[in-house]
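J.: Fold the following for me, if possible:
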Amino acid sequence: MKRTSAALLVAGLSIAILAGCSGEPQSEIASTTQTVAQSTITSTTTTPSAPTTTPYVVPEYWMRVNGPRYITVVVPTRYPAAQMTRVMQDVVDMHSGKEGGWHVDIVCGTSAEDASGATLGTSSFALDNLGLAQTGLKSKFQAATIIREGATCD
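T.: Below is the predicted model of the structure:
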């Protein structure tokens with residue numbers, strides 16, 4: 001009888017201790033979860049300021065991936081060379097987490113789906129050594145862009 005009473009007493013104390021402890025970690029977990037959620041919100045709100053890493057304004061353009069390693073960039077007008085370079089650098093930056101080489105057609109249009117516009121030129125860029133071999137370029141992360149003389153958007 002004494003063993004049973006002692007066992008019940010120990011079991012009862014264990015349950016009481018666990019019950020008392022279970023309230024504390026839950027509040028800690030709730031505050032931890034809230035802190036993580038606030039941290040996530042903060043990083044999300046700082047994301048729009050990320051373009052400040054780009055020290056220039058990128059002109060309007062649309063892009064579509066046509067297949068493995070082929071992209072079409074659609075622009076509303078023929079941009080001067082400096083602005084076209086900014087567009088292509090933006091395209092390269094968007095793909096920087098990928099690998100290989102990419103070939104780009106630059107066409108006139110008003111949306112990513114627009115396929116009827118005049119071809120203004122072509123470009124290529126390499127993201128790694130494989131990309132250098134695929135494109136024939138000599139340096140990574142720089143687009144080699146050729147705009148056709150006299151090509152315009154109508």
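J.: Helices along the protein, start to end?
T.: 2-46, 81-94, 129-135 (DSSP state H).
J.: looking at these, which one has the lowest mean pLDDT?
T.: When mean pLDDT is averaged over each of these, helix 2-46 scores lowest at a mean of 36.
J.: partner residues bridging the closest residue to I71 other than its chain neighbours?
T.: In space, I71 comes closest to V104 once its chain neighbours are excluded; the distance is 4.7 Å by C-beta to C-beta, 6 or more residues apart in numbering. C-beta coordinates here come from the backbone N, C-alpha and C atoms, glycine included. V104 forms beta bridges with I71, S123, as assigned by DSSP bridges.
J.: isn't V104 right next to T119, touching?
T.: No. Checked against C-beta atoms under 8 Å, the pair V104 and T119 is beyond contact range at 11.2 Å.
J.: neighbour count winner among the two?
T.: Taking other C-beta atoms under 10 Å, V104 and T119 do not tie; V104 has more neighbours (24 against 12).
J.: For the more buried one, give its distance to S123.
T.: For V104, the distance to S123 under the criterion C-beta to C-beta, to the nearest Å works out to 4 Å.
J.: who touches both of these two?
T.: Any residue near both V104 and S123 by C-beta atoms under 8 Å, 6 or more residues apart in numbering counts here, and that gives 73, 88, 91, 143, 145.
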